[in-house]
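Undergrad: I'd like to go over a predicted model; first the sequence, then the structure.
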Amino acid sequence: MIGAVAVTMWTVLMATSGTLTRAVDPKLAVPDHAKATMAAWALPPILQGVVLAGVIAAMQSTVASMLILISGSLVMDVYAKVIRPGASDEVISRLARWVTLGLGAIAFLLALAPPPALEWIVYFAVAGLESSFFVPLLLGLYWRRANAPGAIAGMVAGLGGYILISGYLKQLSFGMHPVVMGISISLVAYVLVTLLTPPPSDEVLQLYWGRDKATA
């Protein structure tokens, strides 16, 4: 409960502080400078350094975790399972270091010419994840009829629909954020494909729902 309250307050304050920066500096040219502007306006020098150090530390932690996640996915899920299933731990470890280094170099090069507002990239990525995974996760947890083909269809259709609507067919969003239509497309595709394909086996139902649920 304490964690939920703290995270909610932190998220609301971070979001509103960016909006309120316009009142402090209406001519702010770079949106990503909003937090630094608010810190310089509202806090004494020592606390400014503490706040900005926290922001930089959070950014570094996020980048590091993303590098590890992408590197691990490429090496373990693609290389070790698909390309070379019999690879030794030594080979995988060495390859992981080189892949991580390469991804870090790419990120560094991209950072040399950053876009005006990185937050728009974050919004696009999070909305894409939501369009792809929200419905499959929700129905996979609470719908006994859910199956793998339906989940795959929901993920592909949701992400594809979101990309097309947000980038090329914005009129199909009907004035809403494209993520709404992405989730709707994912839901329709998930349900249709699930109903048109065989239900999950008794073993799967027993594994996830229990014997009583499976035979009910």
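TA: Here it is on my side, so go on.

Undergrad: domain-wise, how is the protein divided?
TA: 2-116, 119-215 (automatic domain parsing).

Undergrad: quick one: mean pLDDT for the lengthiest helix in the chain?
TA: Counting by DSSP state H, the longest helix found in the chain is helix 45-72. Averaged over helix 45-72, pLDDT sits at 87.

Undergrad: which helices and strands sit right next to it?
TA: helix 34-42, helix 89-111 (3 or more CB pairs under 8 Å, 6 or more residues apart in numbering; DSSP states H and E). C-beta here means a position set from N, CA and C on the backbone, and glycine is covered the same way.

Undergrad: report the helix or strand with the lowest average pLDDT across the chain.
TA: helix 211-215 (a mean of 48; mean pLDDT, DSSP states H and E).

Undergrad: does Ile163 belong to a helix, a strand or coil?
TA: Using DSSP: H, G, I helix; E, B strand; the rest coil, the structure places Ile163 in helix.

Undergrad: could I get the contacting residues of it?
TA: Gly128 (CB atoms under 8 Å, 6 or more residues apart in numbering).

Undergrad: ok, it to Ala157 distance?
TA: 11 Å (CB to CB, to the nearest Å).

Undergrad: which helix or strand contains the residue nearest the centre of the chain?
TA: Nearest to the mean C-alpha position of the chain, counting by CA atoms, centre = their mean, stands Val126 at 4.1 Å. Secondary structure assignment for Val126, by DSSP states H and E: helix 118-142.

Undergrad: average pLDDT across that helix?
TA: Mean predicted confidence for helix 118-142 is 87.

Undergrad: got the angle for that helix vs helix 89-111?
TA: With axes from the mean of the first three to the mean of the last three CA atoms, to 10 degrees defining the directions, helix 118-142 sits at 140 degrees from helix 89-111.

Undergrad: now do the contacts for Leu20.
TA: So Leu20 contacts Met38 (CB under 8 Å, 6+ apart).

Undergrad: re earlier: need the contact partners of the helix holding Val126.
TA: Contacts of helix 118-142 (CB under 8 Å, 6+ apart): 31-32, 115, 146, 150-151, 154-156, 158-159, 161-163, 166, 177-179, 182-183, 185-187, 190-191, 194.

Undergrad: that one to helix 45-72, inter-axis angle?
TA: Counting by the same axes, to 10 degrees, helix 118-142 lies at 50 degrees to helix 45-72.

Undergrad: if we go by neighbour counts, what in helix 118-142 is buried?
TA: By 16 or more other CB atoms under 10 Å, the buried positions in helix 118-142 come out as Phe124, Ala127, Gly128, Glu130, Ser131, Ser132, Phe133, Phe134, Val135, Pro136, Leu139, Gly140.

Undergrad: do stretch 17-34 as well
TA: Ser17, Gly18, Thr21, Ala34.

Undergrad: no further queries at this time; thank you.
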